[in-house]
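A.B. asks: Here's a sequence, model it:
(one chain, ligands or ions: 1)
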Amino acid sequence: MASGSDEGMGGLNVVLLGAPGAGKGTQAQLIKDRFDLPHIATGDILRAAVAAGTEVGLRAKAYMDKGELVPDEVVVAIVADRIAEDDCADGWLLDGFPRTVPQAEALDRTIAEKSLKPIDCVVYLSITAEAVVERLSGRRVCPNTECGAAYNVETMPPKAEGICDRCGTGIIQRDDDKPDTVRQRLETYEKRTSALVARYRDAGVLAEIQAEGTPEEVSERVLAELGSVE
Ligand code: AP5
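C.D. replies: Sure thing, here's the model as predicted:
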């Protein structure tokens, strides 16, 4: 696969792209540990802002509850500040951003303006709508914003029922994982995000990964792809 990296300019810059429930968060845990990258998940940042009751959180909540995207300018500002921080100098892992063409354009501008290394690889987790609905109905998450671990009652249950393995907090269902909101999120993905697949394929940085199969099987495919970029 073609790479946008320049030698000697730090580690990997990776974007995780895919429908809601494709497994971005699950694979992100593995990638960030394997490549020692800061994990920047806009969904997690926005949920933390909602929980903290900040101005951004109050604005974002109305959109998130409906399964719609938070306005581009809100998310773009968050990510532009975050990837300019010192811990991102040796690479970063973006999860859930960009999600619209204007967000992708803004990311390109940030990279150019701050003279950052370009994206090395966009890992596109490809999955059917049926599989998404099945996964999200079984998802449970740790509400502790310091932890945020994700489980699935069918495929990845915690060791003790209802309790996070990592921090011992009681796990919950996300508000936006209710069936009507999941349907809306899928529609939003098709309308506003799916165009990014062609954009990054044309740029020569897309790695399309079949996201069905066990989490371990998917991880093997992702690591094989990133190993060839590294
Ligand atoms: P966000 O939190 O980013 O949600 P999402 O993209 O809808 O993705 P999910 O977190 O639902 O799924 P995932 O792909 O991470 O899958 P996971 O690994 O958890 O965004 C939430 C909201 O915030 C958006 O709707 C929007 O309003 C707002 N927002 C965020 N970013 C934004 C942006 N850039 N612009 C505007 N608004 C933004 O897996 C799902 C389930 O499946 C889990 O239960 C997991 O255990 C299970 N699972 C994972 N892999 C497998 C497997 N291989 N086999 C079986 N089960 C599996």
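A.B. asks: Going along the chain, name the helices of this structure.
C.D. replies: Taking DSSP state H, the helices of the chain run over residues 24-35, 42-52, 55-66, 72-83, 101-113, 129-138, 179-188, 195-202, 215-229.
A.B. asks: In JSON lines: those helices, plus mean pLDDT and mean neighbour count.
C.D. replies: Any C-beta I mention is one placed from the backbone N, CA and C, and that applies to glycine too. Formatted as JSON lines, these follow (pLDDT from 0 to 100; neighbours: other Cβ atoms under 10 Å):
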{"stretch": "helix 24-35", "mean pLDDT": "93", "mean neighbour count": "19"}
{"stretch": "helix 42-52", "mean pLDDT": "93", "mean neighbour count": "19"}
{"stretch": "helix 55-66", "mean pLDDT": "94", "mean neighbour count": "16"}
{"stretch": "helix 72-83", "mean pLDDT": "94", "mean neighbour count": "17"}
{"stretch": "helix 101-113", "mean pLDDT": "95", "mean neighbour count": "16"}
{"stretch": "helix 129-138", "mean pLDDT": "92", "mean neighbour count": "17"}
{"stretch": "helix 179-188", "mean pLDDT": "93", "mean neighbour count": "16"}
{"stretch": "helix 195-202", "mean pLDDT": "98", "mean neighbour count": "15"}
{"stretch": "helix 215-229", "mean pLDDT": "91", "mean neighbour count": "15"}
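A.B. asks: Give me every residue in the chain lying close to the ligand.
C.D. replies: 18, 20-26, 42-43, 46, 63-64, 67-70, 75, 96-97, 99, 103, 135-136, 138-139, 150-152, 155-156, 176, 185, 213-215, 218 (Cβ under 6 Å from any ligand atom).
A.B. asks: Please repeat the previous calculation with a cut-off of 5 Å.
C.D. replies: 20-26, 42-43, 46, 63-64, 69-70, 75, 96-97, 99, 135, 139, 150, 152, 155-156, 215, 218 (Cβ under 5 Å from any ligand atom).
A.B. asks: Turn the helices of the chain into JSON lines, including distance to residue 146.
C.D. replies: Below are the helices of the chain laid out as JSON lines (distance: least, Cβ to Cβ, whole Å):
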{"stretch": "helix 24-35", "distance to residue 146": "14"}
{"stretch": "helix 42-52", "distance to residue 146": "9"}
{"stretch": "helix 55-66", "distance to residue 146": "17"}
{"stretch": "helix 72-83", "distance to residue 146": "17"}
{"stretch": "helix 101-113", "distance to residue 146": "27"}
{"stretch": "helix 129-138", "distance to residue 146": "23"}
{"stretch": "helix 179-188", "distance to residue 146": "25"}
{"stretch": "helix 195-202", "distance to residue 146": "30"}
{"stretch": "helix 215-229", "distance to residue 146": "23"}
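A.B. asks: By neighbour count, which bits of stretch 143-151 are buried? Give me those.
C.D. replies: 144, 148-151 (16 or more other Cβ atoms under 10 Å).
A.B. asks: can you tell me which two in those residues are farthest apart?
C.D. replies: 144 and 151 (13.1 Å; Cβ to Cβ).
A.B. asks: which neighbours do the two share?
C.D. replies: Shared contacts of residue 144 and residue 151 (Cβ atoms under 8 Å, 6 or more residues apart in numbering): residue 164.
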